[in-house]
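J.: just a sequence and a predicted model for now, questions to come.
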Amino acid sequence: MTVEVLKVRGQVNKVRFRAESGFAIFSASIENEQGRDEDATLVGSVPPLEAGDTFQAEVTLEEHKDYGYQYRVASMILDDTPVQLSEEGVAAYLEARVKGVGKVLAGRIAKTFGTATFEIISEEPKRLLQVPGVTESTLHKIVQSWEDAGGERKLLAGLQGLGLSISQAQRALKHFGGAALDALRQDIYALTEVEGIGFLTADKLAVGLGIDDDDPRRLVAASVYALQQAQQTGGHTYLPKERALKGLSHYTRVSAAQAQLALESAVELGRVVDDDGRVYLPHVLRAEKKLASVVRTLLATPPSDEWTVRKEDAKGLSDEQAKVLHLLQDHRLVVLTGGPGTGKSTTTRKVADLAEKLGLDVALCAPTGKAARRLGEVTGRSASTIHRLLAFGPDGFRFGHMEPLLYDLVIVDEVSMCGDALLLALLNALGPGTRVLLVGDADQLPPVDAGLPLIALAETAPTVRLSRVYRQAQESPIVSAAHGLLHGQAPTFTHKDLRLVELDPDGAARRVAGLVRDLGGPMSVQVLSPMRKGPLGVELLNSSLQATFNPGSGGTRIGDFEVRAGDLVVQTKNDYQNEVFNGTLGIVLREGGGKVQVDFEGNVVELAGAELWNLQLGYALTVHRAQGSEWRTVLCALHESHANMLSRNLAYTALTRARENFVAVGSSRAWTIAATRQREVRHTYLLERIRG
Ligand SMILES: Nc1ncnc2c1ncn2[C@@H]1O[C@H](COP(=O)(O)OP(=O)(O)OP(=O)(O)O)[C@@H](O)[C@H]1O
């Protein structure tokens with residue numbers, strides 16, 4: 001149903017709510033040729049407006065189930081200065097807009113000059129001195145804040161004139177400051193430097209500005225974008241030149257010759273680097289080289305503290321597990337890998353015990369909050385995220401080469417989830433002689449970030465690969481199925497604790513809700529899926545599970561879903577203020593008035609404004625987001641329609657999220673495909689650089 005867009009002029013009556021994202025709820029009197037609404041409610045991303053502001057906007061009328069009719073702002077241009085204001089309107093505007101002017105003074109100025117006030121401030125500010133209470137310094141404040149506000153408003157209007165939406169214009173203004181308009185007029189693709197605005201958005205604006213397909217600015221931006229995509233979607237640290245050229249042609253639709261030219265100019269401009277046929281983004285190449293050199297130093301320098309291993313220190317460990325203790329005697333960097341139930345945590349605990357017995361200071365950390373919490377539980381010690389250990393803050397990591405960590409041994413768990421950049425930050429912060437033990441399961445999904453450092457380190461550092469499975473594994477079909485997967489065998493799903501329900505994707509979401517009910521409801525089973533979209537994707541599963549287990553209407557809208565008390569939610573970004581990390585599950589205690597209170601496993605936080613955008617429904621999670629967590633029972637959707645996602649590591653990771661009971665829904669063929677498909681090769685040159 002196409003909704004009619006209305007063009008209106010309006011004047012703001014009152015701003016009711018405003019988020020720093022620019023989203024606001026305000027009342028205004030609006031009119032157009034069809035009529036007038038004295039006190040309309042408008043919502044949407046708007047420029048920083050105040051009572052009294054006048055504007056022209058395109059709005060669509062919508063009916064909110066709780067608040068009734070309201071207008072959603074599609075686009076809005078604020079007038080430089082408000083027009084046709086009443087005396088009260090002028091006073092209200094001055095008071096809201098101009099620093100140093102309170103209610104009384106605003107009233108006097110408005111009384112003295114009426115609707116000519118704004119003109120006088122702009123053209124003959126000295127005349128304001130005749131108003132009692134306006135001193136030279138007050139006048140200076142009035143003129144200064146008027147110019148700032150006016151300047152910003154002109155910039156926003158100019159940016160919107162380039163085709164930017166209001167929120168894009170605000171982000172561009174925040175990023176470029178006063179130079180925003182000039183910067184983007186020179187090169188609209190500079191917009192790709194702004195957080196959250198990609199090449200495709202800039203490209204759309206460029207078309208509107210009549211920029212040619214083969215414009216050098218466009219081609220250079222596309223070269224950078226091709227590599228950013230390779231990094232973000234494929235986790236590659238570089239692209240082989242031919243692949244970079246193919247990506248470039250794909251995004252720009254230009255000829256191969258032009259793509260070659262584009263890449264060369266991007267290299268000349270230093271936007272990308274051609275490292276002997278491997279094309280990198282400069283900062284990614286620097287990180288890879290730096291990480292290789294830090295690792296080589298760790299491999300070449302002796303540990304500083306005395307480390308002696310007695311027989312009793314290895315009690316309860318197998319010979320291969322005990323080898324870790326011995327390797328740490330002479331090596332600063334040791335790697336411990338193994339599948340589920342092979343004794344990694346048991347060994348880690350013994351290493352920490354021995355280190356403490358030797359009087360060493362030990363730090364335990366992991367890439368995610370969930371993994372850190374689990375590491376703390378299995379070792380009986382406090383553990384933190386790597387970010388916290390390195391004191392991550394607004395200007396990056398505090399600890400680093402200049403200010404090293406003061407520990408004698410650092411143990412890192414779930415290292416398979418660390419990309420190059422995070423591992424570099426950690427290793428770069430080790431003090432001279434400090435030991436580090438990296439623990440992980442190299443067969444799990446690769447990190448979301450670029451690089452595959454655990455693989456390279458397991459090939460170059462002293463490494464113990466645990467192969468024997470201990471956790472009641474022989475009976476537990478899950479662990480043996482997981483190990484089978486690694487050898488290309490699909491699970492057989494013939495055990496009560498490891499079964500498969502063939503489901504046709506269409507209408508499957510409802511069937512899944514029924515299965516979840518049979519398994520005891522959302523608190524007893526975690527639903528996973530490889531993808532967000534599609535009939536068996538996380539989004540559809542979440543809405544179907546919410547409708548089944550927490551039905552109702554209303555609640556707090558977040559993007560295209562609503563949360564209500566009782567809903568299961570998941571944090572999707574690390575939030576250091578509230579100490580809530582990506583992947584942590586929580587329950588909504590209550591919501592209302594733009595706020596949502598969530599109990600994240602005992603950490604009760606109240607989220608509002610932009611923080612709400614870090615929440616998603618958590619009845620179903622992607623396999624990626626489930627990494628580092630495990631549940632007693634897991635129900636996982638896997639179907640051949642997930643085609644390009646199916647890989648051995650994905651299936652293995654999904655399977656190993658279940659401690660006792662795993663239910664696959666979809667098709668057994670999907671598992672057969674997954675078992676035979678190794679993950680796509682990830683372009684990284686770290687191993688070769690470590691080997692020198
Ligand atoms: N050498 C051993 N002899 C006997 N049992 C062992 C040995 N090592 C570990 N176990 C037992 O095997 C089970 C799994 O051990 P642990 O949790 O350390 O494995 P893990 O590799 O950390 O598993 P996950 O990867 O799931 O964390 C535990 O119950 C542990 O007590």
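T.: Sure, I can see it. Numbers count the residues shown, from 1 in each chain.
J.: got the domain boundaries for the protein?
T.: For the chain, the TED database gives the domain ranges 5-78, 87-146, 167-273, 285-470, 476-562+615-676.
J.: those domains: which one's closest to the ligand?
T.: Judged by C-beta to the nearest ligand atom, the one of the domains of the chain that comes nearest to the ligand is domain 285-470, at 3.0 Å. Quick note: C-beta positions are derived from backbone N, CA and C, even for glycine.
J.: the closest residue in space to Glu50 that isn't next to it in sequence is in what secondary structure piece?
T.: Nearest non-adjacent residue to Glu50, counting by C-beta to C-beta, 6 or more residues apart in numbering: Ala96, 3.9 Å away. Element membership of Ala96 [criterion: DSSP states H and E] is helix 87-97.
J.: tell me the buried residues in that helix?
T.: For helix 87-97, a neighbour-count test (16 or more other C-beta atoms under 10 Å) marks Gly89, Val90, Ala91, Ala92, Tyr93, Leu94, Glu95, Ala96, Arg97 as buried.
J.: what residue ranges in this structure score low on pLDDT?
T.: Low-confidence segments of the chain, defined by pLDDT under 70: 1-2, 20-21, 82-85, 471-475.
J.: tell me which parts of it are close to the ligand?
T.: Counting by C-beta under 6 Å from any ligand atom, the residues of the chain close to the ligand are 317-318, 321, 338, 340-346, 470-471.
J.: could I get the contacting residues of the nearest residue to Ile558 once chain neighbours are set aside?
T.: For Ile558, ignoring the flanking residues on the chain, the nearest one in space by C-beta to C-beta, 6+ apart is Leu612 at 5.0 Å. Counting by C-beta atoms under 8 Å, 6 or more residues apart in numbering, Leu612 touches Thr556, Ile558, Gly594, Val596.
J.: now, these that are in strands?
T.: Residues of the contacts of Leu612 located in strands (DSSP state E): Thr556, Ile558, Val596.
J.: so the last one touches Gly586, yeah?
T.: Yep, that's Val596 we're talking about. No: using C-beta atoms under 8 Å, Val596 is not in contact with Gly586; the gap is 9.7 Å.
J.: out of the contacts of Leu612, which are buried?
T.: For the contacts of Leu612, a burial check counting by 16+ other C-beta under 10 Å picks out Thr556, Ile558, Val596.
J.: save these as CSV, and put in distance to Ala363 too.
T.: Compiled in CSV, those are given as follows (distance: C-beta to C-beta, whole Å):
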residue, distance to Ala363
Thr556, 39
Ile558, 36
Val596, 34
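J.: what's the longest helix in the protein?
T.: As assigned by DSSP state H, the longest helix anywhere in the chain is helix 136-161.
J.: after that helix comes which helix or strand?
T.: Taking DSSP H and E, what comes next after helix 136-161 is helix 166-176.
J.: angle of that following helix against helix 136-161?
T.: Per axes from the mean of the first three to the mean of the last three C-alpha atoms, to 10 degrees, the angle that helix 166-176 makes with helix 136-161 is 120 degrees.
J.: please state the offset of helix 166-176 from the chain centre?
T.: Remark: helix 166-176 is offset 20 Å from the chain centroid, using C-alpha atoms, centre = their mean, to the nearest Å.
J.: quick one on the thing from earlier: ok, so of the contacts of Leu612, who is nearest Tyr280?
T.: Ile558 (36.7 Å; C-beta to C-beta).
J.: all helices of the stretch 401-550 of the chain, in order?
T.: Taking DSSP state H, counting those that start in this stretch as the test, the helices found in the stretch 401-550 of the chain are 420-427, 453-460, 477-486, 508-518, 538-549.
J.: figure out which of these is closest to Ala51.
T.: Among the helices of the stretch 401-550 of the chain, helix 538-549 comes nearest to Ala51, with 38.5 Å by C-beta to C-beta.
J.: contact partners of the closest one?
T.: Counting by C-beta under 8 Å, 6+ apart, 509-510, 512-513, 516-517, 521-522, 527, 529, 531-534, 561, 567, 616-622, 637 sit against helix 538-549.
J.: can you list the buried residues in it?
T.: Buried, per 16+ other C-beta under 10 Å, within helix 538-549: Val538, Glu539, Leu540, Leu541, Asn542, Ser543, Ser544, Leu545, Gln546, Thr548, Phe549.
J.: re earlier: mind listing which of the residues of the chain next to the ligand are in helices?
T.: When DSSP H is applied, the residues of the chain next to the ligand are split such that Gln321, Lys344, Ser345, Thr346 fall in helices.
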